[in-house]
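1. just a sequence and a predicted model for now, questions to come.
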Amino acid sequence: MTDSIRQQIIEKIDARFRAIKTSGGYKTNIGNNVFDWLKRDLATTELPALIYKDKSSEIYTDTLELYNNKITLEIELKAEAGTGTAESIREMIEDVYKAIGSDDTWSGLAIDSEPVSEEMEMEHSDKIIGTATIIIGIEYQKEKWSY
């Protein structure tokens, strides 16, 4: 059985994010620590990290045969504490946009991907940890009542 279009897109996203490494022309090596729906605290040895979640899908129809779906993908970036934490987060954001922009149709599975928002913050508990959240929308079509 073939994976759903949504699952195929998620697999492309995962592979693309894992390729974010300085050896591939990026500024960071965030691709070393990529997680899909991580439900635990990260160890400092797992930083920098990228966690992505396909949180929702808006479904609407333009035709009688197809549904349009728009996945809301939340991408959370985490960086280690240090004097260059904010700069590291900005470089990770740049790398994520570069990775998505290299093919925003995910090998033709999607119609389009577009940025929705981004936010940065610094957590000050025991040590400063930089966090950024990027939200993108990925639109694709599927046959009615299929996943």
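-> Arrived safely, thanks for sending.

2. in the chain, which spans are strands?
-> Taking DSSP state E, the strands of the chain run over residues 34-36, 49-61, 66-79, 112-124, 128-143.

3. any idea how far the last one is from the middle of the chain?
-> Put simply, strand 128-143 sits 5 Å off its chain's centre (C-alpha atoms, centre = their mean, to the nearest Å).

4. could you list every helix and strand in contact with that strand?
-> Judged by 3 or more C-beta pairs under 8 Å, 6 or more residues apart in numbering; DSSP states H and E, strand 128-143 is in contact with helix 5-18, strand 66-79, helix 85-101, strand 112-124. To be clear about C-beta, it is placed using only N, CA and C from the backbone, and glycine gets the same treatment.

5. contacts for the longest one, please.
-> When you say that, I think you mean helix 85-101. Outside helix 85-101, the residues that touch it by C-beta atoms under 8 Å, 6 or more residues apart in numbering are 16-17, 19-20, 26-28, 30, 48, 50, 75, 77, 79-80, 82, 113, 115, 118, 120, 122, 128-132, 134, 136.

6. what of the first one?
-> Contacting residues not belonging to helix 5-18 are listed as 3, 30-31, 34, 36, 50, 52, 54, 57, 69, 71, 73, 96, 99-100, 102-103, 106-107, 109-110, 138, 140, 142, 147 [C-beta under 8 Å, 6+ apart].

7. what subset of those is buried?
-> Applying 16 or more other C-beta atoms under 10 Å to the contacts of helix 5-18, the neighbour count classes 30-31, 34, 50, 52, 54, 57, 69, 71, 73, 96, 99-100, 106, 109-110, 138, 140 as buried.

8. under the pLDDT cut-off, which ranges of the protein? List them.
-> Applying pLDDT under 70 to the chain flags residues 1, 124-128, 147.

9. repeat that with 80
-> The chain contains residues with pLDDT under 80 at 1-2, 62-64, 81-83, 123-128, 144-147.

10. nearest spatial neighbour of the residue in it sticking out farthest from the centre, skipping sequence neighbours?
-> Farthest-out residue of the chain from its mean C-alpha position, per C-alpha atoms, centre = their mean: residue 64, at 31.3 Å. Of all residues not flanking residue 64 in the chain, residue 144 sits nearest, at 7.9 Å (C-beta to C-beta, 6 or more residues apart in numbering).
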